[in-house]
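Peer 1: sequence? don't have it. structure:
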């Protein structure tokens, strides 16, 4: 595979001069890392790429070795800017390839680059590429596909006559039956195998359609009832401030396939408008949103959705978790500040904040599916 046409520009966008004569070698290492990355590797690279602070963020095991195999002078110390560019390049290639790991890589980028981090990533265009991939993938996964018709052409009587001519049934000709019988059985086996393949494909398509429709029905019923079952309250009683955290969590619970439906933003806007936010232009801080939710709800979220080593890629769910480490509404803020570079007191648009919560849930679901 040739070097990505923008690879040199990615270096320059981070105010790094491309190594003289080494771009091809750097790209060869990027390709080797993107070929079959583990989910743990992807999440570690997402943290390296999106989190500007060097706090406890070293390159994942094997990352630097891949570049040293191409260039023995490659160093990992004092080289953080280049490491972030290369981490982004690996993630971008994983996304562009569209394989099984692409959704996790894209979610890692968009979740990690939340709030103030977006302006500090070395190559901002990777965020746009990840956003486009997630929207495209959401549509592809939920396309209505009519089941394929099963086409079967069994060997005809004339074909059997060709394979096993009447002459082989003459007296004392049993030994001559073996080869034509094997040929006939082989053709029948191919026919049955084709039938099974087509039937399985049709079944998979029907299953996918059923799952998609069930997801849509569940979300539509949730919107229609305007009721939060976990909280036992109508949307209007949940309120806008709590809804910015509660509603995306509930939609994520109803989502059957990661990365979720492409219409999730519209669903969030509608739900929040039913909770008392008709314009969708309001600003809110994480502090306000977290404090207005009940401690019992936050404890249930923490118990059900363990962020563990992915904490920096899930800054909002991390805020929910840290709020439980103290008793007061203000005491948890310094605890959160020590754990995360994102400000809990800054103001965010309620829709971007709600979408961030939803995507963090999708990221955790994707990581959990892969056993990461």
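Peer 2: Good, I have the coordinates. Everything numeric in this text was worked out from a predicted model, so none of it was measured.

Peer 1: in the stretch 151-300 of the chain, which spans are strands?
Peer 2: Counting by DSSP state E, counting those that start in this stretch, the stretch 151-300 of the chain has strands at residues 227-228, 233-234, 283-285.

Peer 1: Pick the most buried one from those.
Peer 2: Neighbour counts (mean count of other CB atoms under 10 Å) averaged over each of the strands of the stretch 151-300 of the chain peak at strand 227-228, with a mean of 19. C-beta here means a position set from N, CA and C on the backbone, and glycine is covered the same way.

Peer 1: average pLDDT across the longest helix along the chain?
Peer 2: The single longest helix within the chain, with elements called by DSSP state H, is helix 178-225. What helix 178-225 shows for mean pLDDT is 77.

Peer 1: likewise stretch 343-355?
Peer 2: The model assigns stretch 343-355 a mean pLDDT of 96.

Peer 1: Might one say that residue 261 is in contact with residue 213?
Peer 2: No. Residue 261 is not in contact with residue 213 according to CB atoms under 8 Å; the separation is 11.7 Å.

Peer 1: Who has more neighbours out of these two?
Peer 2: residue 261 (21 against 13; other CB atoms under 10 Å).

Peer 1: quick one, what contacts the more buried one?
Peer 2: With contact set as CB atoms under 8 Å, 6 or more residues apart in numbering, residue 261 has these partners: 138, 142, 215, 216, 219, 255, 267.

Peer 1: same thing with residue 89?
Peer 2: 4, 7, 10, 27, 30, 123.

Peer 1: Can you give me the pLDDT of it?
Peer 2: Reported pLDDT for residue 89: 97.

Peer 1: Residue 151 too?
Peer 2: Residue 151 is given a pLDDT of 66.

Peer 1: picking up where we left off before, now the strands of the stretch 151-300 of the chain in TSV, with distance to residue 192?
Peer 2: Below are those laid out as TSV (distance: least, CB to CB, whole Å):
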stretch	distance to residue 192
strand 227-228	51
strand 233-234	56
strand 283-285	61
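
Peer 1: ok, back up a step: tell me the two of the contacts of residue 89 that are most distant?
Peer 2: 27 and 123 (14.4 Å; CB to CB).

Peer 1: on that earlier part again, and of the contacts of residue 261, the nearest to residue 194?
Peer 2: Relative to residue 194, and with distances defined as CB to CB, the nearest of the contacts of residue 261 is residue 142, at 28.6 Å.

Peer 1: number of nearby residues for that closest one?
Peer 2: Quick note: residue 142 (other CB under 10 Å) scores 20 neighbours.

Peer 1: how close does it sit to residue 135?
Peer 2: 11 Å (CB to CB, to the nearest Å).

Peer 1: between these two, what contacts are shared?
Peer 2: What both residue 142 and residue 135 touch, as defined by CB under 8 Å, 6+ apart, is the set residue 262.

Peer 1: surely residue 259 meets residue 134?
Peer 2: Yes. In this structure, residue 259 is within contact of residue 134 by CB under 8 Å, at 4.8 Å.

Peer 1: any shared contact partners between the two?
Peer 2: Residues touching both residue 259 and residue 134 by CB under 8 Å, 6+ apart: 103, 106, 107.

Peer 1: Now the first one: closest residue in space that isn't a chain neighbour?
Peer 2: When you say that, I think you mean residue 103. Of all residues not flanking residue 103 in the chain, residue 259 sits nearest, at 5.4 Å (CB to CB, 6 or more residues apart in numbering).

Peer 1: So that neighbour versus residue 360, what's the distance?
Peer 2: Taken as CB to CB, the span from residue 259 to residue 360 is 12 Å.

Peer 1: just residue 341 next, same as before
Peer 2: Distance from residue 341 to residue 360, by CB to CB: 16 Å.

Peer 1: For the two, work out which one has more neighbours and name it.
Peer 2: residue 360 (27 against 15).

Peer 1: In contact with that one, which residues?
Peer 2: 111, 313, 314, 315, 316, 317.

Peer 1: so where's the chain uncertain?
Peer 2: For the chain, residues meeting the criterion pLDDT under 70 lie at 1, 54-57, 76, 144-182, 184-185, 188-189, 204, 277-281, 370-372.

Peer 1: go again using 50 as the cut-off
Peer 2: 280, 371-372 (pLDDT under 50).

Peer 1: Domains in it, by residue range?
Peer 2: The record's domain parsing of the chain by automatic domain parsing lists 7-141, 157-209, 226-369.

Peer 1: Buried residues in stretch 314-326, which are they?
Peer 2: Applying a neighbour-count criterion of 16 or more other CB atoms under 10 Å, one finds 314, 315, 316, 317, 318, 319, 320, 321, 322, 323 buried in stretch 314-326.

Peer 1: Many thanks, we can stop here.
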